[in-house]
Each structure stands twice: as C-alpha cells, then as structure tokens.
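> here are the coordinates; sequence isn't available:
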C-alpha cells in the first residue's frame, strides 16, 4: 500500500532536525577541541619560556670571594653550587677536611663554622656564604699546633676510620666556646647532628669532656 505523500514529508521533517543536531554537536565538539588544543599549546609555550628563564638564571659561573680560615679565597661557581663542593672542588689548594657523605644534611661529616655556628656545608650555597666568616677543621689547628679538641681526640683515640672526625671536631670546638664546662648529657646533645658509622661515640664524648677540662686548666 502506497503511503501518503504527507507522511513521507513528515518522516523527513522528523529526521532532519535530529541529523542537524548531530552535525551541530560534532561541529561544536570540533571547535571545542581546537580551543582546548590552542590553550594547551599556549600553556606549553609559557611553561617552556619559564623554564628557559629559570635555567638561564642558574646557568653559568660567577666569581665569589669567600673568607675562609682568615683568608680571602676566590672561586668560580654556579649559583647552585654548594659551599661543600666549592671548598673541596673549586679551590686551589682544596680544603678536604669537610667530607661529602650523605649530601642531604643528615650525617654532619661536612660541618663547618659559619660566623662561629656549625652548619652543614652541603646545604649552604657558596653565594650565600659571601661576607661571612667560614672556618673548616683546617682552620681550627694544624698538625704542629692542634687545638684542644683535636689534641683530646688523639689522646683519647676518639676516631676509628676518621671519616666523620672533622665534623665532630668542628661541632665540639664550637660548642665548647658556648659551654666551656658541659656535662656528658650536654655533649651528647651537642653531637646529635653528627653520625659515626664506626660507633665510636663513647670515646668522642670522652674526648670532648677532656678538651673542656684541659681548656679550663689552661685558663
């Protein structure tokens, strides 16, 4: 049976709107994707430019003059170079007393004095140490004339492998200036930022107390 012409036209009219909606939706989605792509490209470009500016800010070497053990020492360093790396690798002759062990401020082997206060030199930038008094274990005494703590470490055999010794000597030397007559508990507390893998803590503490006693006897 042949359908009336009106019914055919009505079928087309009922189909066309949905088709137009579909095509319209595809167009909107495509346009939206294009906009999103544009935003992504712009964001990536901005991020790349920011990274370029940042990398440019920390690249290259700059001259620094550091006051180390009473002497002015000049070095060429990148702004991100640590004081420890500068002392060991950027000076001629180098200062190798501070040791590179953990490189994250947990062992104390790299301890130096900054304006008289113990700091982990692996956590201090060389550029931030400019204008400050830096003292390494080499500046506390010499093989010919040991300071009281160094002499006590030798006397009490307060070292095993010796790798952590410069950090302990530096820390204790600074502490005894602040507290010349410490108790054992106070010495233990002062040394809590220094780590000895050999476990020679009893003799280290004994040396610290002996150094305090010897210094008091010499006053």
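In hand now; what should we look at? Just so you know, these numbers come straight off a predicted model, no measurement behind them.
> Please, where are all the helices along the protein?
Assigned by DSSP state H, the helices in the chain fall at 5-58, 83-89, 148-155, 165-178, 184-190, 201-218.
> who's in contact with the fourth one?
The contact list for helix 165-178, computed with Cβ atoms under 8 Å, 6 or more residues apart in numbering, reads 97-99, 107-113, 116-118, 135-137, 140, 147-150, 153, 158-159, 182, 187, 190-191, 193-194, 196, 204, 207-208, 211-212, 215. Yep, even glycine has a C-beta here, placed from its N, CA and C like the rest.
> 7 Å instead?
For helix 165-178, the surrounding residues in contact (Cβ atoms under 7 Å, 6 or more residues apart in numbering) are 97-99, 108-113, 116-118, 137, 140, 147, 149-150, 153, 159, 190-191, 193-194, 204, 208, 211-212, 215.
> What are the buried residues along it?
Neighbour counts over helix 165-178 (16 or more other Cβ atoms under 10 Å) mark 165, 166, 167, 168, 169, 170, 171, 172, 173, 174, 175, 176 as buried.
> what's the angle between that helix and helix 148-155?
On the basis of axes from the mean of the first three to the mean of the last three Cα atoms, to 10 degrees, helix 165-178 is oriented at 130 degrees to helix 148-155.
> quick one: average confidence on helix 165-178?
In this model, helix 165-178 carries a mean pLDDT of 98.
> What of the third one?
Regarding helix 148-155, the rounded mean pLDDT is 97.
> again with the second one
Per-residue confidence for helix 83-89 averages out to 98 on the pLDDT scale.
> Show the contacting residues for the most centrally placed residue in the chain.
The residue lying closest to the centre of the chain (Cα atoms, centre = their mean) is residue 123, at 4.0 Å. Residue 123 is in contact with residue 105, counting by Cβ under 7 Å, 6+ apart.
> which residues of this structure score low on pLDDT?
For the chain, the stretches with pLDDT under 70 are 1-59, 217-219.
> Mind doing that once more with 50?
For the chain, applying pLDDT under 50 flags the ranges 10-12, 14, 22-23, 26, 28-41, 52-57.
> hey, what's residue 67 bridged with?
Taking DSSP bridges as the rule, residue 67 bridges to residue 72, residue 133.
> what's the burial count for it?
16 (other Cβ atoms under 10 Å).
> So it versus residue 114, what's the distance?
Distance, residue 67 to residue 114, by Cβ to Cβ, to the nearest Å: 10 Å.
> How about residue 128?
Residue 128 is 9 Å from residue 114, by Cβ to Cβ.
> Look at the two and report which has more neighbours.
Ranked by neighbour count (other Cβ under 10 Å), residue 128 and residue 114 place residue 114 first, with 17 against 13.
> Quick check, the more buried one in contact with residue 130.
No - between residue 114 and residue 130 there is no contact under Cβ atoms under 7 Å: 11.3 Å.
> neighbours of residue 213, just the number please.
Neighbours of residue 213 (other Cβ under 10 Å): 14.
> quick one: contacts for it?
By Cβ under 7 Å, 6+ apart, the contact list for residue 213 is empty.
> mind starting the numbering at 5 from now?
All set: I'll call the first residue 5, so the last point we hit is now residue 217.
> Could you measure from the residue nearest to the centre of the chain over to residue 182?
Distance, residue 127 to residue 182, using Cβ to Cβ: 21 Å.
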